[in-house]
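1. Provided below are the primary sequence and the corresponding predicted coordinates.
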Amino acid sequence: MAKVIVAGGGVIGLCTAYYLNKSGHEVTIIDQGNLKEGTSFGNAGYICPSHFMPLASPGIIAQGLKWMLSSTSPFYIKPRLDMDLIKWGLTFWKRSGKSTMDKNIPPLHAILQLSRKLTTEMSEDLGNPFHMQEKGCLMLYKSATTEKHEIELAHEAAAFNIETQVLSAKEIQDLEPDVQVDVRGGVLYPMDAHLHPGELMRTLHQFLEKSGVVFQLSTTITGFEKQGRKVTKVLTDKGDFSVDEIVVATGSWLSSILKDLNIDMLLQAGKGYSMTFEQVERNLHYPSILVDDRVAMTPMGNDLRMGGTMEISGMESKMLTKRVESIYKAAKNYFPNLPVSFPSLDKVWYGLRPLSPDGLPYLGRHSKYDNLVISGGHAMLGISLAAGSGKLIDEIISGQSLSMDITAFDVER
Ligand SMILES: Cc1cc2nc3c(=O)[nH]c(=O)nc-3n(C[C@H](O)[C@H](O)[C@H](O)COP(=O)(O)OP(=O)(O)OC[C@H]3O[C@@H](n4cnc5c(N)ncnc54)[C@H](O)[C@@H]3O)c2cc1C
C-alpha cells in the first residue's frame, strides 16, 4: 500500500482520500486552510447529472460578450494583460465549437452518472448528516427564448436517458405551495439531487480523521523535491513530507502549484457568490435554477441559499456589489413574496470555481512523473463530480481497472 499525499482539502481532495483510505493506502491531506470555509463549503450543493452540456459550447462566447456590457449581468471578465488568461481564453474559444462539444458531452455525462450513483452510496455509508435529498432540480424560465432553449435541452437529455418533465407555471406553483412563483414555466430533472455542501465537508473530515487519514492543516505547500521521474517530497512551510504517490487537488490554485513541477496547465478561477438565509419562514421545496439570470436557489432544511455570477478576475477577493445585488433581485423577481431581505455584505460568501477551458475536469497521471496524479478543473460541478473523481483517482493509484474511460479528461490535452 502506498503513502499518498493529497494536496488540497476541498471536496475533490476529501473524496479522493475517502476512496484511497478504503483501499488501504496511508493518506495525508495537506491544506493551507482550516477546512472550515472555502469554495467547497458555500456553493449551491447540487448533484446535477442534468448539467451534461460542457461550459464551452456554441453561443456561449456571444452571450458572454453581451453580458460583459452590463455591470449587473451574471458574467464578467476583468480585462488584463495576463498570458495565462489570454491562452485560456483562446483555448476556450477553440473548444466551444459544436464538434468539440458533441465529443465532450458523452464523457461528461458518464462521469456525472458515475458520481451521482457513488454520492448516494457515500451518503448511505456516512449516514447522510449533510441532508442529501433526491427530489430533482427545476430549471425555471421567464422568457420565451429561454423556454425554447430549455425545452430543446430537455429533448437532448432524453437521448442520454435523462428523464425530464416540462411543467407549466401552474404545475410549478403546485410544487412550491409556500411561496408565490412568477415564471413562464420550467423543466424538472428528477434525477438531480442536492445536499448541504458545508455539512458534507464536515462529515467527510470527521469520518476520514476517525478512519486514520492524517490532516496537516494550516500548512502551505511551497514546492516539491524531485529525483528523476519521481516526486520524492512535498515541501511546505511546516516541513517536508516524503511520498510514494502525490495527488494534486488544489482547486483554483492547481496551475500555480504545478508550475513548480514544470507543468503548464490552463486554468482560471471563476468567482461566484452566495447568500444563506436562516430559518426562512416560508421556504422553497425544490432547488431551482433561475435560468434567465443564472441564479441557483437551494433549500437546505429551513435555510435557503441563493448563489450565482461567474467573474473571471484572477484570485482577487474584491466583491462586485452590483452583481451580488442582482442575484437577490432575480430571486425576488421569480419568487416575489419570498420572506428574505438583502443581507449586509459581510454575510455574502464567495468561492472560486476552478475552470478548465473546455468544461471537463483534468483527471489522471501526468507523463512527466511516475507518481503524480492530478484531479482538478471541476468548474461548476465539483460537488457533482467529487465522488466519481475520487473513485477514479483511487483506481489509478491502486492499479485497478477504471470505472470508465477517462481519455477525455487527459491532464495534458
Ligand atoms: C457560487 C458557487 C456555486 C456552486 N454550486 C455548485 C453546485 O451546486 N454543484 C456543484 O457540483 N458544484 C458547484 N460549485 C463548484 C464547486 O464548489 C467547486 O467545483 C468545488 O468546490 C471545487 O473543489 P476543489 O476541491 O477542486 O477546490 P477547493 O474547494 O477550492 O479546494 C482546494 C483546496 O486546496 C487548498 N490549497 C490551494 N493551494 C494550496 C497550497 N499551496 N498548499 C496547501 N493547500 C492549498 C485550498 O486551501 C483549498 O482548500 C459552485 C461554486 C460556486 C462558486
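-> Perfect, thanks for sending it.

2. Contact distance from the ligand - what residues of this protein qualify?
-> 8-13, 30-33, 38-40, 43-46, 220-221, 249-253, 257, 272, 274, 296, 307, 351, 353-354, 376, 378-384 (CB under 6 Å from any ligand atom). (Glycine included, C-beta is placed from N, CA and C.)

3. Just the ones of those in helices?
-> Those of the residues of the chain next to the ligand mapping onto helices are 11-13, 257, 382-384, per DSSP state H.

4. Let me see the contact set for G307.
-> For G307, the contact set (CB atoms under 8 Å, 6 or more residues apart in numbering) comprises 42-44, 272-275, 295-296, 298, 327.

5. Equivalent analysis for R305, please.
-> 42, 44-45, 274-277, 296-298.

6. go on, I406?
-> In this structure, I406 makes contact with 107, 363-364, 392, judged by CB under 8 Å, 6+ apart.

7. again, but for K391
-> Residues near K391 by CB under 8 Å, 6+ apart: 15, 19, 114, 118, 403.

8. Which element, helix or strand, includes the first one?
-> Under DSSP states H and E, the secondary-structure element containing C15 is helix 11-22.

9. Check the offset of that helix from the chain's centre.
-> Taking CA atoms, centre = their mean, to the nearest Å, one finds helix 11-22 lying 16 Å from the centre of the chain it belongs to.

10. what does that helix rub up against?
-> Helix 11-22 is contacted from outside by 4, 6-7, 27, 29, 31, 40, 122, 197, 200-201, 204-205, 207-208, 211-213, 247, 249, 251, 375-376, 378, 382-383, 386-387, 389-391, 393-394, 397-398, using CB under 8 Å, 6+ apart.

11. among those, which ones are buried?
-> Buried members of the contacts of helix 11-22, scored by 16 or more other CB atoms under 10 Å, are 4, 6-7, 27, 29, 31, 40, 122, 197, 200-201, 204-205, 207-208, 213, 247, 249, 251, 375-376, 378, 382-383, 386-387, 389-391, 393-394, 397-398.

12. Just the ones of these in strands?
-> 4, 6-7, 27, 29, 247, 375-376 (DSSP state E).

13. Identify the farthest-apart pair in these.
-> Spatial extent of these (CB to CB) is set by the pair V27 and G376 at 17.8 Å.

14. coming back round to it: among the contacts of G307, which are located in strands?
-> Per DSSP E, the subset of the contacts of G307 in strands is 272-275, 295-296, 298.

15. neighbour-wise, which of the contacts of K391 leads?
-> When neighbours are taken as other CB atoms under 10 Å, the top entry among the contacts of K391 is C15 (32 neighbours).

16. which ones are touching the closest residue to that residue other than its chain neighbours?
-> The shortest distance from C15 to any residue other than its chain neighbours is 3.3 Å, reached at G390 (CB to CB, 6 or more residues apart in numbering). Listed by CB under 8 Å, 6+ apart, the contact partners of G390 are 12, 14-20, 375.

17. which of the residues in the helix or strand bottoming out on mean pLDDT in the chain are buried?
-> The weakest-scoring helix or strand in the chain, judged by mean pLDDT, DSSP states H and E, is helix 60-68 (a mean of 78). Neighbour counts over helix 60-68 (16+ other CB under 10 Å) mark 60, 64, 67 as buried.

18. Closest one to the ligand out of the residues you listed, please.
-> Checking those against the ligand by CB to the nearest ligand atom gives W67 as the nearest, at 16.3 Å.

19. thought that closest one was touching I61?
-> No: W67 is beyond contact range of I61, at 10.7 Å (criterion: CB atoms under 8 Å).

20. Which among the residues of the chain next to the ligand count as buried?
-> By 16+ other CB under 10 Å, these give 8-13, 30-32, 38-40, 43-46, 221, 249-253, 257, 272, 274, 296, 307, 351, 353-354, 376, 378-384 as buried.

21. hmm, who's touching stretch 110-128?
-> 15, 18, 47-49, 51-52, 130, 132, 134, 191, 193, 195, 203-204, 207, 361, 381, 384-389, 391-392, 403-405, 409.

22. out of those, which are inside helices?
-> 15, 18, 203-204, 207, 384-389, 391-392.

23. Which two of the residues you listed have the greatest separation?
-> T203 and L392 (21.5 Å).

24. who has more neighbours, these two?
-> L392 (28 against 20).

25. so what's the more buried one up against?
-> 111, 363, 402-404, 406.

26. Now tabulate these in CSV and tack on pLDDT and distance to S73.
-> Compiled in CSV, those are given as follows (pLDDT from 0 to 100; distance: CB to CB, whole Å):
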residue, pLDDT, distance to S73
I111, 98, 30
L363, 98, 32
L402, 98, 40
S403, 98, 39
M404, 98, 36
I406, 98, 35
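
27. Tell me the one of those residues nearest R282?
-> Among the contacts of L392, and counting by CB to CB, the member closest to R282 is I111, at 37.0 Å.

28. burial count for that closest one?
-> 29.

29. how about it, secondary structure?
-> Assigned by DSSP: H, G, I helix; E, B strand; the rest coil, the conformation of I111 is helix.

30. Not counting sequence-adjacent ones, nearest residue to L402?
-> Nearest one to L402, counting by CB to CB, 6+ apart, is E395 at 5.1 Å.

31. Same question for D394.
-> Per CB to CB, 6+ apart, closest to D394 is Y19, 3.6 Å.

32. ok, now H131?
-> The shortest distance from H131 to any non-neighbouring residue, by CB to CB, 6+ apart, is to H196 (5.2 Å).

33. pretty sure the one you found contacts F130?
-> Yes: assessed by CB under 8 Å, H196 is found in contact with F130 at 4.9 Å.

34. The ligand versus Q268, what's the distance?
-> 13 Å (CB to the nearest ligand atom, to the nearest Å).

35. per-residue confidence for that residue?
-> pLDDT, Q268: 96.

36. got it, and S313?
-> 89.

37. what about it, how many neighbours?
-> When neighbours are defined as other CB under 10 Å, S313 has 19 of them.

38. contacting residues for it?
-> 76-78, 269, 271.

39. Now the terminal residues of stretch 333-352, how far apart.
-> Length of stretch 333-352, first residue to last, CA to CA, to the nearest Å: 26 Å.
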